[in-house]
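Novice: any chance you can model this:
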Amino acid sequence: MRRLLSVMAAVAGVVLSAETRAADMTDVQVARLLAGADRSRPIDLAGKDLSFLDLAGLDFKAARLDKANLHAADVANADLSNARLAGAHLDRATVQKTNFAGADLRGASLLRLSVTTELDLGMRMVADAPNFAGADLSGARIFARLNGTNLRGANLAGAQLGHYRMTVIELHPRTFLEMADLSGANLHAADLTGVQFTWAKMVGADLTGARLVGANLTGVDLTGANLAGADLTDANVELATLRDVRGLDAAIGWDRAMNRDRVRP
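Specialist: Predicted structure coming up:
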C-alpha cells in the first residue's frame, strides 16, 4: 500500500508540474503578435513552448512553429493553413474545426488529439473534424479519432497511425478515420495497422508498401488506388470498392484478407 501511494503521488506530481509549467508566452502575447503579422512576413515561434494555451480561433498566418510545443493547447477553429509545424508536439491538442490545409507537419506528434464530433447520421458527415487537405504529414505519429477528416492530397508517407499503447480509459487503442476523405493521398510505407477506415474515400490513393494489417476497410472506396506491396493480412475488405485498383496482384496477404468474397468490383 505504501508503494502504491508513493507511485500515485509521483504520478500526480508529474501531472501537476506539467499543467503548471509556464509556457514561453501567454495566449494574449501570441494573439498580439499574430494581429500585427501577415502571410508575407509570418511570425517565428519555432521551438516555443505554447503548451496549454488558449489559441482557439486565431489566424496564424502561416507562422513558423517548427518543433514548437503545443501540448494540450486549444487551437479549435484556428487557421494553421500553410503553417510550418515540422517536428511540432501537438499531443492532446484540441483541434475541433482547425484548418491545417497545406501545413508542414513532417515528423510531428499528434497523439490523442481532442476532437468534439457531431455525427449527422443522415448526411454521414462529421461537423467538427479538422482539415488536413494537402498537408505534409510524412513521418508524423498520429493517434486520434479523426472521423470525417479531409485529408485529400495529404502526404502521409511513412506516417505512423497504427496500434498505440492502451491506457486504462481507452477501450480501442487505434486511430479512427471513418468516412474520412483520403482521395489522392500519399500513404506510401505508412503504418496503418488496425486503423478504422470504415466508409472512407481513398480514390487514387498511393498505398504502395503500406501496412494495413488488421485495418478495417469496410465500405472504403479504393477506386484507382495503388496497393502494390501493401500488406492486407487480416484486413476487413467487406463492401470495399476495388474498381480499377492497381497492384493488387503484388499486394501481401491478400489471400488472408477478410470478406474478399464481398468486395465491390
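Novice: counting neighbours, what do you get for the residue nearest to R112 when sequence neighbours are not counted?
Specialist: Of all residues not flanking R112 in the chain, R92 sits nearest, at 5.2 Å (Cβ to Cβ, 6 or more residues apart in numbering). In short, each C-beta sits where N, CA and C put it, glycine included. Using other Cβ atoms under 10 Å, R92 has 17 neighbouring residues.
Novice: R92 in helix, strand or coil?
Specialist: Taken by DSSP: H, G, I helix; E, B strand; the rest coil, the conformation at R92 corresponds to coil.
Novice: strands of the stretch 101-250 of the chain, residue ranges please.
Specialist: All strands of the stretch 101-250 of the chain, identified by DSSP state E, counting those that start in this stretch, fall at 109-111, 119-120, 125-126, 141-143.
Novice: got the confidence number for R64?
Specialist: Per-residue pLDDT puts R64 at 98.
Novice: now it: phi and psi?
Specialist: For R64, the backbone dihedrals (degrees, to the nearest 10) come out as phi -90, psi 110.
Novice: could you check how far it is from V195?
Specialist: From R64 across to V195, the span is 31 Å (Cβ to Cβ, to the nearest Å).
Novice: ok, now which ones touch R64?
Specialist: By Cβ atoms under 8 Å, 6 or more residues apart in numbering, the contact list for R64 reads 42-46, 83-84.
Novice: closest to A189 among these?
Specialist: The closest of the contacts of R64 to A189 turns out to be R84 (Cβ to Cβ; 23.6 Å).
Novice: of the contacts of R64, select the buried ones using a PyMOL command.
Specialist: Restricted to buried positions by 16 or more other Cβ atoms under 10 Å, the PyMOL selection for the contacts of R64 reads:
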select buried, resi 42+43+45+46+83+84
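Novice: could the contacts of R64 be laid out in a markdown table, adding secondary structure, distance to L182 and pLDDT?
Specialist: Shown next, in a markdown table, are the contacts of R64 (DSSP: H, G, I helix; E, B strand; the rest coil; distance: Cβ to Cβ, whole Å; pLDDT from 0 to 100):
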| residue | secondary structure | distance to L182 | pLDDT |
| --- | --- | --- | --- |
| P42 | coil | 28 | 95 |
| I43 | coil | 31 | 96 |
| D44 | strand | 32 | 97 |
| L45 | coil | 29 | 98 |
| A46 | coil | 29 | 98 |
| A83 | coil | 21 | 98 |
| R84 | strand | 23 | 98 |
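Novice: which one among the contacts of R64 gets closest to I142?
Specialist: Among the contacts of R64, and counting by Cβ to Cβ, the member closest to I142 is A83, at 17.0 Å.
Novice: any low-confidence regions in the stretch 101-250 of the chain?
Specialist: Applying pLDDT under 70 to the stretch 101-250 of the chain picks out residues 116-126, 163-173.
Novice: ok, of the contacts of R64, which one's closest to T223?
Specialist: A83 (31.9 Å).
Novice: against V30, how distant is the residue positioned nearest the centre of the chain?
Specialist: Nearest residue to the geometric centre of the chain (Cα atoms, centre = their mean): I142, 4.6 Å. Applying Cβ to Cβ, the value for I142 to V30 is 25 Å.
Novice: how about the helices in the chain?
Specialist: 2-20, 27-35 (DSSP state H).
Novice: by mean pLDDT, show me the worst of these.
Specialist: helix 2-20 (a mean of 43).
Novice: and R32, how many neighbours does it have?
Specialist: Using other Cβ under 10 Å, R32 is surrounded by 12 other residues.
Novice: and N150, what is it in contact with?
Specialist: Neighbour list for N150: 101, 129, 131-133, 180-181 [criterion: Cβ under 8 Å, 6+ apart].
Novice: re earlier: state the pLDDT value of the residue nearest to R112.
Specialist: With respect to pLDDT, R92 has a value of 95.
Novice: what about it, distance to F52?
Specialist: For R92, the distance to F52 equals 9 Å [Cβ to Cβ].
Novice: tell me the contacts of the residue nearest to the centre of the chain?
Specialist: By Cβ under 8 Å, 6+ apart, the contact list for I142 reads 110-111, 159-161, 175.
Novice: would you format those as CSV with distance to A185 included?
Specialist: Formatted as CSV, those follow (distance: Cβ to Cβ, whole Å):
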residue, distance to A185
L110, 16
L111, 20
A159, 10
Q160, 15
L161, 12
T175, 14
